[in-house]
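In: My questions concern the predicted model and sequence given below.
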Amino acid sequence: RDQSLDQILDERQEQEREWSESLKKGNLELIEKVLARDLIDRLRADNRVLDRTLRGLNQVLEKLQFGNFRFQLTPKLTAEHAPFVRLIERQSLLDAAQRQELRDHLENRRDQLAAEGAIPPFLDYRNWYEYRFHLLHVETENVTSLGSDELVRGSGGAQGTHHYLLLFALARFLFDRCNARIRILMLDEALYAADMQRKELLLRCAKQLELDLVVASPDLDGTIMGDSFDSTTVLVE
């Protein structure tokens, strides 16, 4: 071709550079697809686990009566995280537009992805929902809804009641799931702020759920004892 060796070498180096850039771009696209698929699969799996846990909790709570009330727990997507969760649910890696939407969403949160060791808040499914307790009055069938604000109002005992009910229901759900024969919960200073009647009702709920409680407590008052109460308290000083 009447070319000098230097010209041929330059041509080959340019061709090699083009191939290298093309290969690099292809590898980046492949890596991006693999990472995106792995991320989406993981987040969808987290969401499914959360959904199964909530349904299991509500099945336990459905049978549990605290005084004249029964409870159900309902999740609601937060306004901040709803767009991302819906993006995950409809994401298809075969759809270039949806893949670009996911890329843009992650790119806009690059500062959160740069931190090492911690899950970025928007990728942590525990932040995606807020929860409401629905109280059904057994005698009148009136339904009251308690959101996050209502759950932290009132006395310490009133605030703690819902948390203990959830703890007991979750324990029963997890014990059932692994077919545990021994169902002991060890609690440190539990029920401390609850009055006697509320404490007795909570202990009765634990008994309904076939849970055994071992509680370390600074109190030596135990619970109200009598014919109408069925919990057992052992005091050790």
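Out: Received it, and whenever you're ready, just let me know what you need.

In: Restrict stretch 85-105 to CA atoms and write it as PDB.
Out: What follows is stretch 85-105, C-alpha atoms only, in PDB (Å, rounded to 0.1, in the frame of the first residue of the first chain):
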ATOM      1  CA  VAL A  85     -39.900   1.800  45.600                       C
ATOM      2  CA  ARG A  86     -42.300   2.100  42.600                       C
ATOM      3  CA  LEU A  87     -39.300   2.300  40.300                       C
ATOM      4  CA  ILE A  88     -38.000  -1.000  41.800                       C
ATOM      5  CA  GLU A  89     -41.300  -2.700  41.400                       C
ATOM      6  CA  ARG A  90     -41.700  -1.900  37.700                       C
ATOM      7  CA  GLN A  91     -38.000  -2.100  36.800                       C
ATOM      8  CA  SER A  92     -37.100  -4.200  33.800                       C
ATOM      9  CA  LEU A  93     -33.500  -4.400  32.700                       C
ATOM     10  CA  LEU A  94     -34.600  -5.100  29.200                       C
ATOM     11  CA  ASP A  95     -36.300  -1.700  29.100                       C
ATOM     12  CA  ALA A  96     -33.600   1.000  28.300                       C
ATOM     13  CA  ALA A  97     -35.800   3.800  29.500                       C
ATOM     14  CA  GLN A  98     -36.400   2.200  32.900                       C
ATOM     15  CA  ARG A  99     -32.700   1.400  33.100                       C
ATOM     16  CA  GLN A 100     -31.900   5.000  32.400                       C
ATOM     17  CA  GLU A 101     -34.400   6.100  35.100                       C
ATOM     18  CA  LEU A 102     -32.700   3.900  37.700                       C
ATOM     19  CA  ARG A 103     -29.300   5.200  36.600                       C
ATOM     20  CA  ASP A 104     -30.500   8.800  37.000                       C
ATOM     21  CA  HIS A 105     -32.000   8.000  40.400                       C
END
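
In: now the residue positioned nearest the centre of the chain, what's its secondary structure?
Out: Ranked by distance to the mean C-alpha position of the chain (C-alpha atoms, centre = their mean), the top residue is residue 126 at 3.8 Å. Remark: residue 126 carries the secondary structure label helix [criterion: DSSP: H, G, I helix; E, B strand; the rest coil].

In: Which SSE is immediately downstream of the worst-scoring helix or strand of the chain on mean pLDDT?
Out: Sorting the helices and strands of the chain by mean pLDDT, DSSP states H and E puts helix 148-151 at the bottom, at a mean of 48. Along the chain past helix 148-151, the next helix or strand (assigned with DSSP states H and E) turns out to be helix 156-177.

In: Packing partners of the next helix-or-strand element following that following helix?
Out: With elements assigned by DSSP H and E, the helix or strand that comes after helix 156-177 is strand 184-188. In terms of contacts (3 or more C-beta pairs under 8 Å, 6 or more residues apart in numbering; DSSP states H and E), strand 184-188 is packed against helix 156-177, strand 212-216. C-beta: built from backbone N, CA, C; applies to glycine.

In: Check the gap between the residue nearest to the centre of the chain and residue 76 for me.
Out: Here residue 126 is placed at a distance of 14 Å from residue 76 (C-beta to C-beta, to the nearest Å).

In: Ok, residue 190 next?
Out: Distance from residue 190 to residue 76, by C-beta to C-beta: 29 Å.

In: How about residue 209: what's its closest non-neighbour residue?
Out: residue 172 (4.3 Å; C-beta to C-beta, 6 or more residues apart in numbering).
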